[in-house]
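# This is a predicted model, with the sequence first.
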Amino acid sequence: MADFSIRDLEYWNERIEKLAKDYGLNYYNQEFEIVNYEDMIGYESYIGMPSHYPHWSYGKSYERIKTLHKYNLTGLPYEMVINSNPCIAYLMKDNSLLVQVLTIAHVYAHNDFFKNNRLFKLGTKAEYAIEMFKNHADRIREYISDPSIGYVRVEKILNSAHAIKFQTERVVEFQNRREEKEEPKFAVTENKKEFPNLERYSNNKSEEEVKEVQQDNRFFAKQEEDLLKFIIENGRLQDWEKDILSIVREEAQYFIPQIETKIMNEGWASFWHYNILNNLELPQNMHFEFLRKHNEVIRPLKSSINPYYIGFKIFENLKNKFGFEKIFEVRQTERDQSFIRRYLTQELCCEMNLFEYVTTGNDYMISEVSDDEGWKKIRETLCNTVGIGSIPIILVNDWNKNDNTLELKHEFDGRELELGYAYETLKHIVDLWNGKVSLSTQLEGKKKTINCDEAKRISLYG
Amino acid sequence: MTIFRDCNNGGRDRSAEDRRRHRELIEESIKKNLGNIIAEESIIGKSKDKKIKIPIRGIKEYQFIYGKNKPGIGVGEGDEKRGDKFPGEASNNSGKGKAGNQEGEEIYETEITIEEVVKYLFDDLNLPDIDKKQLSQLEEKSYRKLGYQNKGIPPKLAKKRSVVEKIKRRQSYKRALEEQNQEKLTSSQAIFESNNADIDSNEDELNSKPISSVTTRRERFPFIEEDLRYYRIKEENKRDYNAVVLCIMDVSGSMDQTKKYLARSFYFLLYQFLQLKYANVDVVFIAHTTVAKEVNEKEFFHRGESGGTYISSGYEKALEIISERYSPSNWNVYAFHCSDGDNWSEDNNKAIESAKKLCEVCNLFGYGEIVPGYYSIGSTIKTELLNKIESKNFAAININKKEDVLPALKKLLEKVSDKDVEQEG
């Protein structure tokens, strides 16, 4: 049973808000819903959206989260926050008063981040978030209950659409201009022009490789990274199918800013709950619990990255060196990749004992450690694997109208595709495209092409 | 203005439908994997409720993801050196690693009873009501009442006895109350303590009730679950409800592990199926090369011999065992022979003759030719069997790969229900 009442929460909330405002956090109106354990898992599996459209993958997610909790493989979430205005957060009833207090402080920082970070401002409309998800759910349900369409067909399209949901426009800045008819995009050049600091595509690449990319652009002027949009516009799909694809695409784009700022966002929230609670004059027993919980949240995980930890460390370091003003500026303008590239110092790498590893058979081998030579490599690797960098870039290279083959190209950056997954994903694309699909990539240093024909037969050439 | 809301969903479960659908997909996935499971299981000696663990491929959500060759960043203790190794995902089954968007190989392990496996299998087969025809006489069973038990199904409810139990409970309840009241009069001490001390431990429901409520009004004294008694019933089967499966297999050098594995899957299914239909199923294993002998299950599947093949030897051994131990007047006999068809030709005629005799004493005699590979034409022995045996309870089938096992069984079982002989090409 809860060891607190709503009145307790209101009491602490008032004091937290006072501190948050004094520090300069600037957030949307906040609403907290106190929910039980089961509902929390429910919200978690529906990515916070109780009105989300139905699909079995959310049922899977529910079972998975529940199982993980059951076997204690992952801690229960303290909170779930939605990027909406007013900002909605769920607090779990079973947590102690101190955890609620810590979470409330944590939530205000997330809320501030949503409201002020450049990617969220450009890429999402917090005012319409809830409405958007509800509207999407209504449309999907309508198709399901339409006797000429039905559950099975809707599910099939959703399965395929989910397979390529992140193969959409990745650069948040462009998303709001998608209504305008534009010249074909050249991601590299346009990117550099407008945001000289964003070094997408050219990270970690030799000059030669960069040149190669630019040359490719010259030859295939149609290269398009928004595969979903390309299929919606050019595929032989019925209207309802197109609509489902656009629903999936819109939701993916809503989540891209969150994917791109995971480390910053969690680091920011952890930094603030820590500072606020330290100044909250908690009774001694609560203060001890706070320190313990805080350490649990930001504890380093063995051989994987805890975004709370890295983000917290960097913000703390920046504040100590340059003051509060600096961190507010950073939370506004950066995303994980640029945040790490600019502000992860050698000193921090060493302090956190970061290392780089590679796979050897079933084991991992440490390839770099945070010494004078190693730390830069570690920083680069981290930069390239955070956020949307963890998802392979697949471009629409060409469309052979003679036999309706869709030619895709994996933008190879040294990381190979997982073949089994690539095959199955191609089959989904064939379903959506209603024609042959080919994908060029690299494996073990050689150029390869994977073909998938209409009968879903896979062949690998090269 | 910040708002706090205490949310009670009132038990509404948003995810119920999506979870149901997910489970349905998992079940389909189990069905697809059953072939692998049954081939690993021992045929006999397992109770129906024995649980086996089966790995199920999680329903994967495919996307483009990076393979294993990508570098990653970890957090260490500070004493790491270049070249140090640590165990990867594959050797670390705690499954604790969180790998961003990558799901990796997701394997659920589910426990399932053999009975459930069999249910899935035969559900999928859509078998006609085999037992209604030939096996219908076996449906009758005699029951004998053997006292009472606390759990049971409604048709077996022992009404009179249940009423007696209720009256007994009521009496002791009353008595307990009286004692209680007396205590109350004599002592003003804590009621609950005396209550706990005095009342018999089998009167649990009293302990949990506050005294005030029991003393005031109790016009009704309803049945509770503990009052109910059910008849304990013993099913009695006559001997002719029993069946025997004679598993005859060619174990000569050409029958390699793959072939035996296919044969085992087949025998396993046949056995499981017959278990559904008969109270008791015996299994006899006969291994043959040029000579036949009765062996145990382990030897049957694991011992390989070299040399030639006389199929007739296996059939004759079967006939011998039937006449000695499994008289067809008392037993339902099922014989099944697995071979790669590589018989020595001088034995063919003799084999056909024995096969004919087998058909006379068996409910069903089947021949399964196991030739892995997609394109196989039937062997001489198979052609001969098909041409020369006219008995309606004979069937010959091909098993070339795992996926053939179920359809083969189905085809065989159709023989039992449907007397039309289907010629196989």
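Nice, thanks for sending it over.

# how deep is the closest residue to A:Y37 other than its chain neighbours tucked in, by neighbour count?
In this structure, A:Y37 finds its nearest non-sequential neighbour in A:D94, 5.7 Å apart by CB to CB, 6 or more residues apart in numbering or on different chains. No exception for glycine: its C-beta is placed from N, CA and C like everyone else's. Each residue near A:D94 was counted by other CB atoms under 10 Å in any protein chain shown, and the total is 14.

# ok, A:D94 to chain B distance?
Going from A:D94 to chain B by CB to the nearest CB, to the nearest Å gives 13 Å.

# Checking A:N397 next. Helix, strand or coil?
Look at A:N397: counting by DSSP: H, G, I helix; E, B strand; the rest coil, its state is strand.

# show me where the stretch 151-300 of chain B has helices.
In the stretch 151-300 of chain B, the segments counted as helices under DSSP state H, counting those that start in this stretch are B:159-186, B:191-198, B:204-207, B:211-216, B:257-277, B:297-302.

# Where does the prediction get shaky in the chain?
With no chain named, the answer covers chain A. A:1-2, A:71-77, A:173-222, A:303 (pLDDT under 70).

# I was thinking of chain B, sorry if that wasn't clear
By pLDDT under 70, the low-scoring segments of chain B are B:10-11, B:33-50, B:52-58, B:88-111, B:123-144, B:183-219, B:235-241, B:373-378, B:415-425.

# Going by neighbour count, which residues in the strand or helix carrying A:F339 are buried?
Assigned by DSSP states H and E, A:F339 belongs to helix A:336-343. Judged by neighbour count (16 or more other CB atoms under 10 Å in any protein chain shown), helix A:336-343 contains these buried residues: A:336-341, A:343.

# sec struct for the residue nearest to A:Y37, please.
Here A:D94 is recorded as coil under three-state DSSP.

# B:Q63 too?
When classified by three-state DSSP, B:Q63 comes out as coil.

# A:F412 too?
Per three-state DSSP, A:F412 ends up coil.

# For it, which non-adjacent residue is closest in space?
Closest to A:F412 by CB to CB, 6+ apart is A:Q442, at 4.5 Å.

# What about that neighbour, how many residues nearby?
A:Q442 - counted by other CB under 10 Å - has 16 other residues nearby.

# Please confirm that it is located within a helix.
No: per three-state DSSP, A:Q442 lies outside any helix segment and is strand.

# Chain B versus that one, what's the distance?
As for A:Q442, its distance to chain B is 11 Å (criterion: CB to the nearest CB).

# which non-adjacent residue is nearest residue 223?
Here I'm looking at chain A. A:L395 (4.9 Å).

# hm, I was asking about chain B
Nearest residue to B:F223, sequence neighbours excluded (CB to CB, 6+ apart): B:K166, at 5.7 Å.

# Neighbours of the one you found, how many?
Neighbour count for B:K166, taken as other CB under 10 Å: 17.

# again with the one 4 residues further on
If you count neighbours by other CB under 10 Å, B:R170 ends up with 13.

# Give me the buried positions along the lengthiest helix in chain A.
What stands out as the longest helix in chain A, according to DSSP state H, is helix A:239-260. Buried residues in helix A:239-260, counted by 16+ other CB under 10 Å: A:240-241, A:243-254, A:256-260.

# what helices or strands is it leaning on?
helix A:118-123, helix A:129-145, helix A:150-163, helix A:172-175, helix A:227-234 (3 or more CB pairs under 8 Å, 6 or more residues apart in numbering or on different chains; DSSP states H and E).

# For the longest one, give me every contacting residue.
Under the contact criterion CB atoms under 8 Å, 6 or more residues apart in numbering or on different chains, helix A:129-145 has outside partners A:49, A:51-54, A:82-85, A:88, A:125, A:149-151, A:154, A:158, A:240, A:243-244, A:247, A:250-251, A:254.

# how about a cut-off of 7 Å?
Residues outside helix A:129-145 that contact it (CB atoms under 7 Å, 6 or more residues apart in numbering or on different chains): A:49, A:51-54, A:82-84, A:149-151, A:154, A:240, A:243-244, A:247, A:250-251, A:254.
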